[in-house]
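Visitor: Quick one: sequence plus predicted model below, questions after.
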Amino acid sequence: MDDRYFRLYGQKLNYHEMISQHAEAAGAEIAVAEWLGITGFNPTINTFKTEADVGTGIEVKHTFHLSGALILQESQKQRPNDVCILVIGKSPVYRLIGWMPASMALTEKYKHPRQASYWIPQFNLFEMRYLRKSIYGQN
């Protein structure tokens, strides 16, 4: 592989694209933290599923694609009790689309046929307004 490129989920990115991708993901985490009312939040990158993105159990997934799916990697199985939230958009405008507990998302129903990942379409996600009312909204 040409060392001038980085790979993110199989996609070839140059250094500047990689920085942009991480910045947008951090922006999505900040948007979720603000929505949850968490103050003093500091986003992190490359925690490799050893800790939650937000609070004690929130995994944030970001995409630029308006019709994009919530995509979870096999490594999410290390944290099956997390709630996964899909955020779309680009700084400064992010939209929180919906959520699903990882334990519900990491099932054969959502397994991608050609990748080691799980793709949950937006129409299968729970609406954000129900997160606070659920047992998962106590993070």
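Guide: Noted; the coordinates are in hand. Note that this is a predicted model, so its numbers are computed, not measured.

Visitor: Who does the spatially most central residue of the chain form a beta bridge with?
Guide: Note on the chain: the residue nearest the mean C-alpha position is residue 61, at 1.3 Å, using CA atoms, centre = their mean. Beta bridges link residue 61 to residue 86 when assigned by DSSP bridges.

Visitor: cool, residue 54 as well?
Guide: Applying DSSP bridges, one finds that residue 54 bridges with residue 58.

Visitor: and it, how many neighbours?
Guide: Residue 54 has 25 neighbours, counted by other CB atoms under 10 Å. C-betas here are computed from N, CA, C, even on glycine.

Visitor: The residue nearest to the centre of the chain and residue 117, how far apart?
Guide: 11 Å (CB to CB, to the nearest Å).

Visitor: With residue 123 instead?
Guide: Taken as CB to CB, the span from residue 123 to residue 117 is 19 Å.

Visitor: What segments of this structure are helices?
Guide: 15-36, 102-105 (DSSP state H).

Visitor: which ones are touching the closest residue to residue 120 other than its chain neighbours?
Guide: Among residues not flanking residue 120 along the chain, residue 70 sits closest, at 4.2 Å (CB to CB, 6 or more residues apart in numbering). Contact analysis of residue 70 by CB atoms under 8 Å, 6 or more residues apart in numbering lists 61, 84-86, 97-98, 100, 105, 119-120, 122, 125.
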